[in-house]
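Engineer: this one's structure only:
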C-alpha cells in the first residue's frame, strides 16, 4: 500500500455516534504514526473533535442534504488537500461521491449508497446489533490493516473549563454530583419523564447527592414543566452548555443516569460510570451496540422500557455510588 501521509476521517451525524470512532482513529494513528488526520464532522460536533488527541485538523460539513453544486465545490476543496486515504464511518451517498471526485486514492466505507465508488468496502450489518459500534468502526479501518488494543474513549478537556464552570455553578469539591439526562431525541427510547422526576427526588433525599440535569431539546416549554416538578436544589443545565462544557460537568460527577443518548458516550470519554436505561427489543438500538463502555457502568434493559421500575434504577445507582 502507498505511503499514507494524510488521512480524512468522516463522521457527520450526532455527537454520540461520532465519539465512538475515537478508537478507530487511534488505530489509524498507530498504523500510520506519521500521518496527519483531518476529521469531517457536523459543525455542532467540532468542539469535541478538537479535543481528540490524534486530531490535527477539523473540517465541518453540515449533516443535511446538499445541492450538487455544493458537493462539487467541497470536493474541489478537499482535492486540494491531496489526501491519501478517506474513511467514511457513517454510510453517505454524498461522501462516497465527494471522496471520489476529490481524487482520494484509497476510500473506505460500506457497500451501500453508491458504494461502487469506494476502493475498500464492507457489508453494513450494524443494524443487527451483534457487537458494539466501537467494534464496527474498528472493523472498517481493519480493511487497511489498522487496529489497536486501546479501545477506550477519551477526550482532552482542560482544567480551566472545569474550574470556571464549577465556580459559575457554585459547585464545591465536597459535593457529591450525579448527572441525570432525562431526554432523548428518539421517543421509542424515552423512559417516562415522570419516572425520572420520582427518581431524582429519591436521589436527593435518600443519597445526599446534588443532581445536575443535562440535555438539549427544542421543546423548551416541556423542559420547564419537567424542571418545575422536581426539587429546587437541582442544578438545571438543560440547553445551558456547549458540548465541551457538558464534558467538563460530567467529569466532576460521580455518576450519570441516562437513557440511550449521546451523553452516555461523553461520560465514557471522561471516565465516569453510567447507569443506562435501554430497550432490549430493537437490535439496532440495543445496549449491545450502544451501551456505555466506562468502568463501573451498568445497563438496565427490558423490551418495554416503561416496565423498568424506578426502584431498579435507584438501587443500581446506589450500588455504583457506594463502590
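Structural biologist: Here it is on my side, so go on. Small disclaimer: the values here were computed from a predicted structure and weren't measured. Numbering: from 1, shown residues only.

Engineer: residue ranges with poor pLDDT in the chain?
Structural biologist: Per-residue confidence of the chain (counting by pLDDT under 70) places the weak regions at 1-2, 217-233.

Engineer: Repeat the analysis, applying 80 as the threshold.
Structural biologist: Counting by pLDDT under 80, the chain shows low-confidence ranges at 1-2, 159, 161-162, 165, 169-170, 173, 185, 216-233.

Engineer: the strands in it, which residues?
Structural biologist: 6-10, 36-41, 57-60, 85-88, 106-110, 120-122, 177-181, 210-213, 235-236, 255-259, 274-279, 298-302 (DSSP state E).

Engineer: could you pull out the helices for the stretch 151-300 of the chain?
Structural biologist: Assigned helices in the stretch 151-300 of the chain, in chain order: 159-169, 193-206, 220-228, 243-252, 262-269, 287-290 (criterion: DSSP state H, counting those that start in this stretch).

Engineer: Kindly reformat those helices as CSV containing mean neighbour count and distance to residue 143.
Structural biologist: Where you see a C-beta, it was placed from the backbone N, CA and C, and this is true even at glycine. Supplementary listing: the helices of the stretch 151-300 of the chain in CSV, determined by neighbours: other Cβ atoms under 10 Å; distance: least, Cβ to Cβ, whole Å:
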stretch, mean neighbour count, distance to residue 143
helix 159-169, 14, 37
helix 193-206, 17, 42
helix 220-228, 13, 43
helix 243-252, 22, 30
helix 262-269, 27, 24
helix 287-290, 20, 20
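
Engineer: mind checking which of the ones you listed is nearest residue 47?
Structural biologist: For the helices of the stretch 151-300 of the chain, the distance to residue 47 is smallest for helix 243-252, at 4.6 Å, taking Cβ to Cβ.

Engineer: any idea how far that closest one is from the chain center?
Structural biologist: 13 Å (Cα atoms, centre = their mean, to the nearest Å).

Engineer: quick one: terminal-to-terminal distance for stretch 106-114?
Structural biologist: In stretch 106-114, first residue to last residue: 16 Å (Cα to Cα, to the nearest Å).

Engineer: List the buried residues for it?
Structural biologist: Neighbour counts over stretch 106-114 (16 or more other Cβ atoms under 10 Å) mark 106, 107, 108, 109, 110, 113, 114 as buried.

Engineer: Show the backbone phi and psi for the last one.
Structural biologist: Looking back up the chat, that one is residue 114. Main-chain torsions, residue 114, degrees, to the nearest 10: phi 70, psi 40.

Engineer: any idea how far it is from residue 313?
Structural biologist: Distance, residue 114 to residue 313, using Cβ to Cβ, to the nearest Å: 44 Å.

Engineer: do residue 139 as well
Structural biologist: Using Cβ to Cβ, one obtains 33 Å as the distance from residue 139 to residue 313.

Engineer: quick one: which of the two has more around it?
Structural biologist: When neighbours are counted by other Cβ atoms under 10 Å, residue 313 comes out ahead of the other of residue 139 and residue 313, with 23 against 15.

Engineer: Other residues contacting stretch 53-63?
Structural biologist: With Cβ atoms under 8 Å, 6 or more residues apart in numbering as the contact definition, stretch 53-63 has outside contacts at 10, 12-14, 25-26, 28-29, 36-43, 46, 49-50, 74, 78, 154, 156.

Engineer: Buried residues, it. List them.
Structural biologist: When burial is assessed from 16+ other Cβ under 10 Å, stretch 53-63 yields the following buried residues: 54, 55, 58, 59, 61, 63.

Engineer: same check, this time on stretch 60-75
Structural biologist: Neighbour-count burial for stretch 60-75 flags 61, 63, 71, 74, 75 (criterion: 16+ other Cβ under 10 Å).

Engineer: same check, this time on stretch 37-54
Structural biologist: Judged by neighbour count (16+ other Cβ under 10 Å), stretch 37-54 contains these buried residues: 37-42, 44-45, 47-49, 51-52, 54.

Engineer: In a markdown table, list these along with distance to residue 236.
Structural biologist: Formatted as a markdown table, those follow (distance: Cβ to Cβ, whole Å):
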| residue | distance to residue 236 |
| --- | --- |
| 37 | 37 |
| 38 | 37 |
| 39 | 32 |
| 40 | 34 |
| 41 | 28 |
| 42 | 26 |
| 44 | 21 |
| 45 | 24 |
| 47 | 22 |
| 48 | 22 |
| 49 | 27 |
| 51 | 25 |
| 52 | 29 |
| 54 | 35 |
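
Engineer: Closest one of those to residue 92?
Structural biologist: Sorting those by distance to residue 92 puts residue 40 at the head of the list, at 10.0 Å, by Cβ to Cβ.

Engineer: That closest one contacts residue 10, correct?
Structural biologist: Yes: in terms of Cβ atoms under 8 Å, residue 40 counts as a neighbour of residue 10; the distance is 4.4 Å.
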